Structures are given as structure tokens and as C-alpha cells.
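In: Fold the following.
(one chain, ligands or ions: 1)
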Amino acid sequence: MSDSHILVERPQVRPGVMVIRFNRPEKKNAITSAMYNRMTAALEEANGDETVRAVAFLGTEGCFSAGNDMGDFLTYALSGSKEAPAAAVFIKALALAEKPLVSGVDGLAIGIGTTLNLHCDMTVASGRSLFRTPFVDLALVPEAASSLLAPKIMGHQRAFAMLVAGEGFSAQAALDAGLVWKIVEPETVEAETLSLAASLAARPPQALRIARDLVRGSRDEVLARIDEELVHFSAQLKSAEARAAFEAFMRR
Ligand code: COA
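Out: Numbers count the residues shown, from 1 in each chain. As a prediction, the model looks like this:
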């Protein structure tokens, strides 16, 4: 990975905010193992650093993330590796993040580009955003505890439409479903997201942490679901039907 594919920034004008930015626009911010590892390290750093009081995920203009890198999926599928994919390690770090998480989505949010937001406390999106999880089309299954969190947030019908039927959700549909907190103009996504993160960072940290934990509830169920999904996800990743789907994408 180029070190610049994930940018971890501490903007001086936003004290207390750590920004984790997808910065691989030429590949629609598709996420490789190295990028997951960098994000995991950043989240762990945020946990251990009391000067970080909020974390903001951002993408690039018109694109949050096209999800897991398909080439990486294929490499993992062919490798026969028994190790947990870097994505799974990142997802657990996300579920265990101790600081408030916000995200700013402008444009495409596919796969984990969508499910990451289920772990965020507040998501700002532009009206041109599209949320989609084509797991089953790729012969995969929902990940990131989305099979638990999405029905809780959106109800069964919408969660099924998104996670199983692969239906895309416009920004408005995502707002109506409770996946997004606020829709703003594309050019203000970043400023609004950072201002939101800064306002959380300015609040009394101990009270904020307790309040956040109370609102989120136990993490045990989330972690258990991540593991349960992972068993199926890893098996499906190595299936002939998934390999065929990844190869078809790579051949396009
Ligand atoms: N993994 C690897 N590369 C990806 C990618 C992904 N998930 N998504 C996009 N890219 C790459 C494309 O291969 C292309 O690379 P190239 O220019 O070297 O050929 C580049 O990003 C631009 O993508 P392109 O498909 O030309 O843009 P588009 O605007 O026509 O379509 C998407 C964008 C996101 C709709 C389409 O790329 C797509 O469906 N990607 C796969 C999304 C996905 O299924 N992710 C996994 C979910 S679990």
C-alpha cells in the first residue's frame, strides 16, 4: 500500500479530533489489507491517547469507499489462509472503539463502506450518496455485525432489502432508515463532519464516554455476531461461487 491510501490526521483547527481518511480515489477508495491494518492501528492509538476525543471517517470527493478490494478478496480466497482477514481485525477494533465515531459520506458507500457507518455514532451524508451491500451477489454474507445492527436500526424489511437483496439506499432512504443522521450539500460534508466531531471532542470526556456506552449497550453481543458472521464469511470467501464473482469483476 502506498502510505497515503489511508491518511490519519489531527487537524490543528479541530482539537481532539482524529481523522481517518480513505484516500485511494483512483480505485474508488477500495480497501486493502494494508489499509485495514493502518485503520486498526489508528483506532488503537485513539483509544490510548487522551488527547483524541473523537474520530471522524472521511473519504474523497464523491466517494466514501467501494468496500473491500476485490483483488484482495481473490488473493485471500486463493491463499488458503486460516488467519483472520485484516478486515475482521479492523471490524473488531471498530466495535471496541472507545472514542465517539462519526463519518462523513459523500457518494459511494459500498460493502464495508456502508456497514462501517452502523458502528458510527453519527453519520453526515451528501444527497448524492449511495449505500449498498452486494454481499449475496458476490456469494458472501453480511459482515461487521451488520446482520445484528442493521435490523436493530432499520427494522427487518429494510435490513433484509439492504443486506440480503442488495438493494441500494439513496441518502434520503438511508436517512429515513436511521442509518444517517443528516443530509448536507456535498461540498459541506467534510466541514459538517469535522465540526460535529469537534463539538463531541469539546464535551466533558468522562460523561461523554459513559453516555456513549449506555446508548450503545453491551459490546459482547456485537463481538459474538462478528465472530459468527466471520465463520460463514471466511468459508464463503473460499467458495467456487465467490471466486467466480471476484474473477468476473477483475475481468471487466
Ligand atoms: N476493489 C478493487 N478495485 C475496485 C473496487 C473494489 N471494490 N471498486 C472499484 N475498483 C476499481 C475499478 O476496478 C477501477 O479500476 P481501474 O480503473 O484500474 O479499472 C476503478 O476502481 C474505478 O472503478 P469503476 O468500476 O471504473 O468505477 P464506476 O464508477 O464505474 O463504478 C463501483 C464504481 C463502485 C460501482 C464499481 O467499481 C463496483 O461495483 N465496485 C465493486 C464494489 C463492491 O462490490 N465492493 C465489495 C463489496 S463487499
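In: can you give me the strands in the stretch 1-150 of the chain?
Out: Using DSSP state E, counting those that start in this stretch, the strands found in the stretch 1-150 of the chain span residues 6-9, 17-22, 54-58, 63-65, 101-105, 108-110, 122-126, 130-132.
In: For those strands, could you give me a markdown table that also reports mean pLDDT, mean neighbour count and distance to the ligand?
Out: For every residue, glycine as well, the C-beta is placed using N, CA and C. Below are those laid out as a markdown table (pLDDT from 0 to 100; neighbours: other C-beta atoms under 10 Å; distance: least, C-beta to the nearest ligand atom, whole Å):
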| stretch | mean pLDDT | mean neighbour count | distance to the ligand |
| --- | --- | --- | --- |
| strand 6-9 | 98 | 17 | 15 |
| strand 17-22 | 98 | 23 | 12 |
| strand 54-58 | 98 | 27 | 17 |
| strand 63-65 | 98 | 27 | 8 |
| strand 101-105 | 99 | 28 | 14 |
| strand 108-110 | 98 | 26 | 4 |
| strand 122-126 | 98 | 25 | 16 |
| strand 130-132 | 98 | 21 | 8 |
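In: Show me which residues of the stretch 101-250 of the chain sit near the ligand.
Out: Counting by C-beta under 6 Å from any ligand atom, the positions of the stretch 101-250 of the chain adjacent to the ligand are 108, 110-111, 134-135, 138.
In: Return the member of the residues you listed nearest to residue 75.
Out: Among those, residue 138 lies closest to residue 75 (C-beta to C-beta), at 15.0 Å.
In: isn't the closest one right next to residue 239, touching?
Out: No: contact status for residue 138 versus residue 239: not in contact, 10.4 Å apart, counting by C-beta atoms under 8 Å.
In: what about these two, which has more around it?
Out: Between residue 138 and residue 239, counting by other C-beta atoms under 10 Å, residue 138 is the more crowded of the two (23 against 13).
In: mind checking how far that one is from residue 144?
Out: Here the distance between residue 138 and residue 144 works out to 15 Å (C-beta to C-beta, to the nearest Å).
In: Same check on residue 36?
Out: For residue 36, the distance to residue 144 (C-beta to C-beta) stands at 12 Å.
In: which sections of this protein are below the confidence cut-off?
Out: Low-confidence regions of the chain, defined here as pLDDT under 70, cover residues 1-2.
In: hey, where'd the helices end up in it?
Out: In the chain, the helices defined using DSSP state H lie at 33-48, 70-79, 86-95, 112-115, 146-154, 156-163, 171-177, 189-201, 205-216, 220-237, 240-251.
In: what's the last one packed up against?
Out: In this structure, helix 240-251 packs against helix 70-79, with contacts taken as 3 or more C-beta pairs under 8 Å, 6 or more residues apart in numbering; DSSP states H and E.
In: And the contacts of the helix it packs on?
Out: Under the contact criterion C-beta atoms under 8 Å, 6 or more residues apart in numbering, helix 70-79 has outside partners 30-33, 85, 138, 237-238, 242-243, 246-247, 249-250.
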